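Novice: here is a sequence with its predicted model. Questions after.
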Amino acid sequence: FSDFLVNRAENYQPPRLERKALVHGHCHHKAIMHLDAEQALMQKMGLDYEILDSGCCGMSGSFGFEKEKYYVSIGAGERVLLPKVRGAAEDTLIITNGFSCREQIAETTNRQALHIAEVLHMAMDTSRGVLRDGPPERDIVQRRARVQRQANRRAAAMAGAVITGGVLLWGASRRRQQKRG
């Protein structure tokens with residue numbers, strides 16, 4: 001996402017967001033693409049950021065949820081990332097693009113990490129005066145939860161429609177078979 005905005009979207013100027021931020025690079029992202037585009041984007045936004053030398057968050061997909069690997073997962077996170085997040089001021093943004101990284105932070109601290117796209121959204125909201133006081137991620141996390149609830153309702157409605165359709169088709173098929181004898 002950052003690579004596209006920085007290297008492909010000519011003349012793109014992100015909205016300003018003059019905040020402090022801790023940034024954790026997702027393992028695959030750092031290994032494949034590095035964080036150059038994220039740094040350039042955050043600089044253009046006016047963020048006062050620190051990229052943590054945190055290695056892996058420890059979650060690595062389902063790895064951190066597996067009973068026999070849990071303590072390895074927590075150990076990796078506790079090396080640098082999780083203590084830094086816990087020690088961050090309430091108004092400091094916690095940024096990581098990795099889904100697993102955000103989950104590890106949410107499960108082991110009292111903070112919610114944001115994807116860089118959510119930080120840009122926050123910057124747009126801030127420039128329009130939409131955000132309220134409180135932890136910077138609160139509005140984004142509430143929006144995430146609202147969108148997830150809506151998606152869950154749509155999925156449940158779709159599943160209900162598919163099941164109802166299947167039952168109706170099964171019933172019609174059974175009636176045809178009974179008529180044939």
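Specialist: In hand now; what should we look at? Numbering: from 1, shown residues only.
Novice: every contact and neighbour count from this point should use C-alpha atoms.
Specialist: Fine.
Novice: helix, strand, or coil at Arg111?
Specialist: When classified by DSSP: H, G, I helix; E, B strand; the rest coil, Arg111 comes out as coil.
Novice: and it, how far from Arg146?
Specialist: According to C-alpha to C-alpha, to the nearest Å, Arg111 stands 18 Å off from Arg146.
Novice: ok, these two, which is more surrounded?
Specialist: Arg111 (20 against 12; other C-alpha atoms under 10 Å).
Novice: that one contacts Gln104, doesn't it?
Specialist: No - Arg111 is beyond contact range of Gln104, at 10.2 Å (criterion: C-alpha atoms under 8 Å).
Novice: check which element follows the worst-scoring helix or strand of the chain on mean pLDDT along the chain.
Specialist: Least confident element among the helices and strands of the chain, by mean pLDDT, DSSP states H and E: helix 27-32 (a mean of 84). The C-terminal neighbour of helix 27-32 among helices and strands, as given by DSSP states H and E, is helix 36-45.
Novice: below-threshold pLDDT in the protein: ranges please.
Specialist: Within the chain, the stretches with pLDDT under 70 are 129-136.
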